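In: I'll drop the sequence and a predicted model, then ask my questions.
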Amino acid sequence: ESSRGKVHHKIRTTANIIIALYYCTIYSIHPHPPMTMLVRTLVSQLSRNTAVLTKSLPARCLLSSMPDYDTRATKYGFLRPPELKELLNTQPTAVLLDVRTQEEIDDSGRFTWKDLRWVHQSCTGEDATELAQKADELFPDETTPIVVYCKSGHRANKAQEVLTAGGHASVYNAGGYDDIKGLD
């Protein structure tokens, strides 16, 4: 069987496991001992399949599991496009901070706005230590507005937390690159 066929089989198997778990939850049959064991087995299989799929599929295929814009915007407190556009047009000293990896930037490009300074410092959604250490060098004026973006808004949220905790007064999460690249 081809590599592609194996991945498709894993996807079908994973979908069937999810459906089985859904029915177990709906009918509240999981408290019964045999069903508890079934649910544990299904969850274990789902974990294994997800790990295999995550390693097998290109990152762009996993994007479909990313929550929609409104869900992410609410969760991470995005600056919505009209407000972002107004800020970018009225704050000539604002800085655009891209926290994606260099590979992501190479694959999709970078967001620019007129003559605003663009800065790259990657981080993860859990760790922005390097950004915290370089913040004073990258943004010497703590009053400079900083507009942070990544792929989905999650890493930008972490960067926003770190920069705000470090004393920067105006840090805004713009969300993901795809959310803002068409802003005009």
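Out: Everything's here; your move.

In: ranges for the strands of the chain?
Out: Secondary structure of the chain (DSSP state E): strands at 95-98, 117-120, 146-150, 171-176.

In: reformat those as CSV; add distance to residue 80 and mean neighbour count.
Out: In this view, the C-beta of every residue, glycine as well, is placed from N, C-alpha and C. Converted to CSV, the strands of the chain look like this (distance: least, CB to CB, whole Å; neighbours: other CB atoms under 10 Å):
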stretch, distance to residue 80, mean neighbour count
strand 95-98, 17, 22
strand 117-120, 21, 14
strand 146-150, 13, 26
strand 171-176, 9, 25
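
In: so can I have CSV of those showing distance to residue 86?
Out: Formatted as CSV, the strands of the chain follow (distance: least, CB to CB, whole Å):
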stretch, distance to residue 86
strand 95-98, 15
strand 117-120, 19
strand 146-150, 12
strand 171-176, 11
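
In: endpoints of stretch 165-178, how far apart?
Out: Start-to-end span of stretch 165-178 (CA to CA, to the nearest Å) is 27 Å.

In: which residues touch it?
Out: Applying CB atoms under 8 Å, 6 or more residues apart in numbering, the contact partners of stretch 165-178 are 69, 72-73, 76-79, 84, 87, 98, 100, 104, 108-111, 132, 135-136, 139, 142-153, 156-157, 159-160, 163-164, 180.

In: go through those residues and flag which are in helices.
Out: Among the contacts of stretch 165-178, the members found in helices (DSSP state H) are 69, 72-73, 76, 84, 87, 104, 108, 132, 135-136, 156-157, 159-160, 163-164, 180.

In: quick revisit: relative to residue 13, which of the strands of the chain is closest?
Out: Taking CB to CB, strand 171-176 is the member of the strands of the chain nearest to residue 13, at 30.2 Å.

In: that closest one pairs with which strands?
Out: When pairing is defined by DSSP bridges, strand 171-176 lines up against strand 146-150 (parallel).

In: now list the buried members of the contacts of stretch 165-178.
Out: 69, 72-73, 76, 78-79, 84, 87, 98, 100, 104, 111, 132, 135, 139, 144-153, 156-157, 159-160, 163, 180 (16 or more other CB atoms under 10 Å).

In: hang on, the earlier thing: for the strands of the chain, give me a markdown table that also has mean pLDDT.
Out: A markdown table is the format used below for those (pLDDT from 0 to 100):
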| stretch | mean pLDDT |
| --- | --- |
| strand 95-98 | 98 |
| strand 117-120 | 97 |
| strand 146-150 | 97 |
| strand 171-176 | 96 |
